[in-house]
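here you go, sequence then predicted model.
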Amino acid sequence: MPEFLIATAGFILMMVAVGLVRILRGPANADRMMSAQLLGTGGIAALLLGAGTGASGLLDAALTLALLAAFAAVAFVNSADRQ
Amino acid sequence: MTIALALDAGLALLVLGVALWTIGAGPTFAAVVGFVAFGLLLALVWVRLAAVDVALTEAAIGSGVTGAVLIAAAARLRPTEPQSVGERPGATMRLVAALLSVLVFAGLAGIVLFPADPAPTLGPAAAAHLPELDVGNPVTAVLLAYRSVDTLLEKVVLLLALVGVWSLAPDRFWGGAPGVLRPARPDGALALLGRVLPPIGIVVGVYILWVGAIAPGGAFQAAATLAAMWLLVMIAGLRDPPETRLRSLRLLLVAGPAVFLAVGLAGFALPDGFLSYPVGHAKPIIIAIEAVLTLSIAVILGLLVAGPPERERQR
Amino acid sequence: MRALLDIVTVLAVLAGAVFFLAGTVGLLRFPDSLTRLHALTKADNLGLGLVVLGLLPQVDGALAALKLVAIWLLAQLAGATVSQMIARSMRRDGQRA
């Protein structure tokens, strides 16, 4: 079970990596803003699956990550809008 | 190669890739987005290294609040963007920078791969004294008991940084309010987020502060979360940035370091001197200091992102 | 009982991974920023939900399970609102450009 979870975490991380390559390359600012969205979902999934047994407080880290990814996305969109 | 090692290697490569892209990215906005992505991925790395306190700090401050500061800075630099994109450092400068980076990397690699035997560590000593403090989280013990002087000085530095940011305002704006953060046009989705997310964020922030005594967490991470929620409320347009001359605001700003300093000076009454805690009362004192500190730091971080005053004070 | 819970975990997490794959394929193949945003938001959020569902049998304690669900709800809220904001920003840019 632990190996399976870590393997899935690695797979999802790979998906995040491929997604990041496409998003960060994206010509418009709008494409790049989506990176906060991508990390907010994929990053949290990889975090929850891949932390292994050693990390206490893991769920708190995931909660904080979710909150701050949302905040970062809002800051991006706000900045792009005021352009 | 075990699966865990493959995951770690993949994560390290991804972080490296994002970092390299951020350095090479042209437009400032793209670079800041890359930096925030880098920070969030770095939080994953810290969790893999079982340093969840650092992961919390990285996610909250390293990429969240710092990302907001950089975005605001990028917005201010926009008028000069076309000229600065074309500028690149000369070849010699880049060579020197590359050389220094390689040296630092080699030094770190040497320390990690060939540690002194036995590797020097204060871990057991730090853990040995935790029961006296009645604190379960060794990171909190280090920050607020063993090395509390460093923490006090850091908070004062934060305050000085805020004063530095305020001093960027022209004289006539001193004491006024920072510019509004809300978008030009009303946005229903943003207003919804600004109403629903902050209460949740505040609960999470207070929880992280409270649980920091026994599990990963603490004042700094909680303060960053609270600051992010306050900024979200301001960005959604539900509240305006406060005037910087308000006495209540300034009291909040200094309360944290002041209480910390007061506890420190009271420590002179005890045989160990500055910032020593009476035996058996360490934990409530630490929690009290952390609570006031969280409030102060949250306000400081929020005002740091809001920027220097841009409007005249209301008479 | 343990084996049954493990089977649920494996199935749910695998389904979640499939949705992440679908989301990334959509990111790569869709022609337009708006459609890419759609693929990213919908598929990845569903993938996270399935992953959380799969992890629920693995954690011990009601508080941990509650936190997991809270994380997913938070991601849902953030995803729904932020995607609307990004789409609106894209539309404004399109009108101006």
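Arrived safely. Numbering: from 1, shown residues only, chains lettered A, B, ... in the order given.

burial count for residue B:207?
A total of 16 residues lie near residue B:207 under the criterion other Cβ atoms under 10 Å in any protein chain shown. C-betas here are computed from N, CA, C, even on glycine.

for it, give its distance to residue A:59.
Distance of residue B:207 to residue A:59, given as Cβ to Cβ, to the nearest Å: 11 Å.

helices or strands up against the strand or helix carrying residue B:43?
Assessed by DSSP states H and E, residue B:43 sits inside helix B:28-48. Packing contacts for helix B:28-48, counted by 3 or more Cβ pairs under 8 Å, 6 or more residues apart in numbering or on different chains; DSSP states H and E, involve helix A:2-25, helix A:29-38, helix A:44-50, helix A:58-81, helix B:3-24, helix B:52-57, helix B:66-77.

is any residue of the third one near chain B?
So that's helix A:44-50. Yes: for helix A:44-50 and chain B, the contact criterion (Cβ under 8 Å from any Cβ of the partner chain) is met by A:46-47, A:50.

tell me if that helix is near chain C.
Yes: Helix A:44-50 is in contact with chain C by Cβ under 8 Å from any Cβ, via A:44-45, A:48-49.

what's the helix or strand of chain C with the lowest mean pLDDT packed up against?
For chain C, counting by mean pLDDT, DSSP states H and E, helix C:62-96 ranks last in confidence among helices and strands (a mean of 87). Where contact means 3+ Cβ pairs under 8 Å, 6+ apart, helix C:62-96 is packed against helix A:29-38, helix A:44-50, helix A:58-81, helix B:188-211, helix C:33-55.

before we move on, back to that, out of the residues of helix A:44-50 next to chain B, grab the one that's most surrounded.
residue A:46 (31 neighbours).

hang on, the earlier thing: need the helices and strands packed on helix B:28-48 in a markdown table with mean pLDDT, can you?
Below are those laid out as a markdown table (pLDDT from 0 to 100):
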| stretch | mean pLDDT |
| --- | --- |
| helix A:2-25 | 91 |
| helix A:29-38 | 87 |
| helix A:44-50 | 90 |
| helix A:58-81 | 90 |
| helix B:3-24 | 91 |
| helix B:52-57 | 92 |
| helix B:66-77 | 90 |
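
middle-most residue in chain B, spatially?
The centre of chain B sits closest to residue B:61, judged by Cα atoms, centre = their mean, with a distance of 3.3 Å.

quick check: which element contains the closest residue to that one other than its chain neighbours?
Taking Cβ to Cβ, 6 or more residues apart in numbering or on different chains as the measure, residue B:61 lies nearest to residue B:224, with 4.4 Å between them; neighbours along the chain are not counted. Using DSSP H and E, residue B:224 sits within helix B:219-235.

what sits against residue 76?
This is for chain A. For residue A:76, the residues meeting the contact criterion (Cβ atoms under 8 Å, 6 or more residues apart in numbering or on different chains) are A:32-33, A:36, B:33, B:36, B:71.

that's the other chain; I wanted chain C
C:45, C:49.

around the residue of chain C found nearest chain A, how many other residues sit close by?
Taking Cβ to the nearest Cβ as the measure, the point where chain C comes nearest chain A is residue C:78, at 3.5 Å. The number of residues packed near residue C:78 is 26, by other Cβ under 10 Å.

likewise the one 3 residues further on?
Counted by other Cβ under 10 Å, the residues lying close to residue C:81 total 23.

could you measure from the closest residue to residue A:40 other than its chain neighbours over to residue C:58?
Nearest in space to residue A:40, with sequence neighbours left out and distances taken as Cβ to Cβ, 6+ apart, is residue A:69 at 3.3 Å. Residue A:69 sits 23 Å away from residue C:58, going by Cβ to Cβ.

ok, those two, which is more surrounded?
Of the pair residue A:69 and residue C:58, residue A:69 is the one with more neighbours under other Cβ under 10 Å, namely 30 against 19.

show me what contacts that one?
The contact partners of residue A:69, by Cβ under 8 Å, 6+ apart, come to A:36-37, A:39-40, A:43-44, B:40, C:78.

can you put these in TSV and add distance to residue B:270?
TSV is the format used below for the contacts of residue A:69 (distance: Cβ to Cβ, whole Å):
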residue	distance to residue B:270
A:36	48
A:37	52
A:39	47
A:40	47
A:43	46
A:44	45
B:40	43
C:78	48
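
tell me the one of those nearest residue C:35?
Nearest to residue C:35 among the contacts of residue A:69: residue A:37, at 14.3 Å, using Cβ to Cβ.

which residues are in contact with that closest one?
For residue A:37, the contact set (Cβ under 8 Å, 6+ apart) comprises A:69, A:73, C:37, C:40-41, C:44, C:78-79, C:82-83, C:86.

also residue C:9?
A:1, C:54-55, C:57-58.

which one of the residues you listed is nearest chain B?
Compare each of those with chain B using Cβ to the nearest Cβ and the shortest gap goes to residue A:1, at 12.0 Å.

quick one: low-confidence residue ranges for the stretch 151-300 of chain B.
For the stretch 151-300 of chain B, no stretch is flagged by pLDDT under 70.

break chain B down into its structural domains.
Using automatic domain parsing, the domains assigned to chain B come out as B:1-78, B:135-315.

need the winner for burial among the ones you listed.
Looking across the domains of chain B with neighbours counted as mean count of other Cβ atoms under 10 Å in any protein chain shown, the highest average goes to domain B:1-78: a mean of 20.

need the helices and strands packed on helix C:62-96 in JSON lines with distance to residue B:146, can you?
Putting the helices and strands packed on helix C:62-96 into JSON lines (distance: least, Cβ to Cβ, whole Å) gives the following:
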{"stretch": "helix A:29-38", "distance to residue B:146": "37"}
{"stretch": "helix A:44-50", "distance to residue B:146": "30"}
{"stretch": "helix A:58-81", "distance to residue B:146": "23"}
{"stretch": "helix B:188-211", "distance to residue B:146": "20"}
{"stretch": "helix C:33-55", "distance to residue B:146": "36"}
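
circling back to that earlier point, quick one: buried ones out of the contacts of residue C:9?
For the contacts of residue C:9, a neighbour count by 16 or more other Cβ atoms under 10 Å in any protein chain shown gives the buried set as C:54-55, C:57-58.

contacts with chain A among those, please.
When the buried ones among the contacts of residue C:9 are filtered against chain A using Cβ under 8 Å from any Cβ, the residues retained are C:55, C:58.
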